[in-house]
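Engineer: starting from these lines, generate the structure:
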Amino acid sequence: MIIGGSSAASCKLISRSRTICEIQGSGVSSPYLGKSVTVEGIISADYWEGDPPGFFLGGRCPDQDTSAGIRVALDEPVAWLNLGDELRLEGQVAEQNYETRIQAEPESIKILSLGNPLPDPLNLGDFYLQDPRSFSYESLEGRLVSLPESLLLRKGEGEGDLLICPVFPPEISPVAGCSLGEDFYLRLAGSREHPELKAAAPGAMISNLKGILSQDQEGYLIQLVDLTAIRIRNLPENLVSPAPVFWHPPALMGLELHNQHTTQCLEHQ
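Structural biologist: Prediction:
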């Protein structure tokens, strides 16, 4: 007997609504890997020319150990989505190239509101103040970040082949940071779109970086989203530290303190 004109065959399994923070989780992979989820957030960046094309959703997260951003991957670009759109969408949680993402179909996307302010970028200078023993970029995966100062270490030919070292804020102990090593370095994606950045030489100071912190098989990188504010200045060779991870701008720290920190780090190593 069928009651109300429905049957079990017409039932549809509805995915449960989750926050971005719940989907990202605090571990290396998502606790919802392979599951269908519904999530809400604001488009903080888009990469329609990426492979695959898609965008990043941003939200709020009370737990500092989990990220408030996530990549949404689509099979093809969607012309009717814009930065600042608040969305609700359904998709399957996946891990690709060590990065958590949601694979979604355009038909599952619903726009809730338009023209919202973008989520505030996290200043990495503040993030580095945490305990170096628990330092990890994993909790920032998919999140919009800014980096006030960095030092260009190496250049390559391909996309994401600019290797930078974030400049420590004055409050960080250089000896404590020695243990971070290459885990502290970041690559830049999208740098080829900026002529001065493309032409910059190793040893240059790069200011005002802004982008999405993401991950691939080679490590963590910033996918640049705002190229207009970037400033580059070349330093005299005698001011480029042999231990660049502890380089402090002379304007902030003074050359004497800079040399002292470099010596401390080298002695620690």
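Engineer: which residues touch the residue lying closest to residue 91 once chain neighbours are set aside?
Structural biologist: Among residues not flanking residue 91 along the chain, residue 104 sits closest, at 3.3 Å (Cβ to Cβ, 6 or more residues apart in numbering). All C-beta spots, glycine's among them, are computed from the backbone N, C-alpha and C. Taking Cβ atoms under 8 Å, 6 or more residues apart in numbering as the criterion, residue 104 is in contact with 72-74, 89-92.
Engineer: check the gap between residue 110 and residue 94 for me.
Structural biologist: 21 Å (Cβ to Cβ, to the nearest Å).
Engineer: shaky segments in the stretch 1-150 of the chain?
Structural biologist: By pLDDT under 70, the low-scoring segments of the stretch 1-150 of the chain are 1-15, 63-65, 130-134.
Engineer: would you map the helices across it?
Structural biologist: Remark: helices assigned in the stretch 1-150 of the chain by DSSP state H, counting those that start in this stretch are 20-24, 124-127.
Engineer: counting neighbours around each, name which of residue 110 and residue 94 comes out higher.
Structural biologist: residue 94 (16 against 12; other Cβ atoms under 10 Å).
Engineer: list the residues that contact the more buried one.
Structural biologist: Per Cβ under 8 Å, 6+ apart, neighbours of residue 94: 33-34, 73, 100-103.
Engineer: in strands only, show me the residues you listed.
Structural biologist: 73, 100-103 (DSSP state E).
Engineer: winner for burial among the helices of the stretch 1-150 of the chain?
Structural biologist: Each of the helices of the stretch 1-150 of the chain was assessed for mean neighbour count using mean count of other Cβ atoms under 10 Å. The highest is helix 20-24, with a mean of 23.
Engineer: what is that helix packed up against?
Structural biologist: strand 36-47, strand 69-73, strand 99-104 (3 or more Cβ pairs under 8 Å, 6 or more residues apart in numbering; DSSP states H and E).
Engineer: quick one: buried residues of stretch 226-233?
Structural biologist: 227, 230, 232 (16 or more other Cβ atoms under 10 Å).
Engineer: just give me the neighbour total for the nearest residue to residue 116 once chain neighbours are set aside.
Structural biologist: In space, and not counting its chain neighbours, residue 116 is closest to residue 84: 4.7 Å by Cβ to Cβ, 6+ apart. Counted with other Cβ under 10 Å, residues neighbouring residue 84 total 14.
Engineer: quick check: the gap between residue 128 and residue 52.
Structural biologist: For residue 128, the distance to residue 52 - Cβ to Cβ - is 32 Å.
Engineer: right, I mislabeled it, should have said residue 162
Structural biologist: 23 Å.
Engineer: the more surrounded of those two?
Structural biologist: residue 162 (27 against 15).
Engineer: quick one on the thing from earlier: for the residue nearest to residue 116, list the residues it contacts.
Structural biologist: Contacts of residue 84 (Cβ under 8 Å, 6+ apart): 42-43, 114-118.
Engineer: any idea how far residue 38 is from residue 92?
Structural biologist: Counting by Cβ to Cβ - residue 92 and residue 38 are separated by 11 Å.
Engineer: next one: residue 93
Structural biologist: From residue 93 across to residue 38, the span is 11 Å (Cβ to Cβ).
Engineer: please identify which of the two sits among more neighbours.
Structural biologist: Set residue 93 next to residue 38 and count neighbours by other Cβ under 10 Å: residue 93 wins out with 24 against 16.
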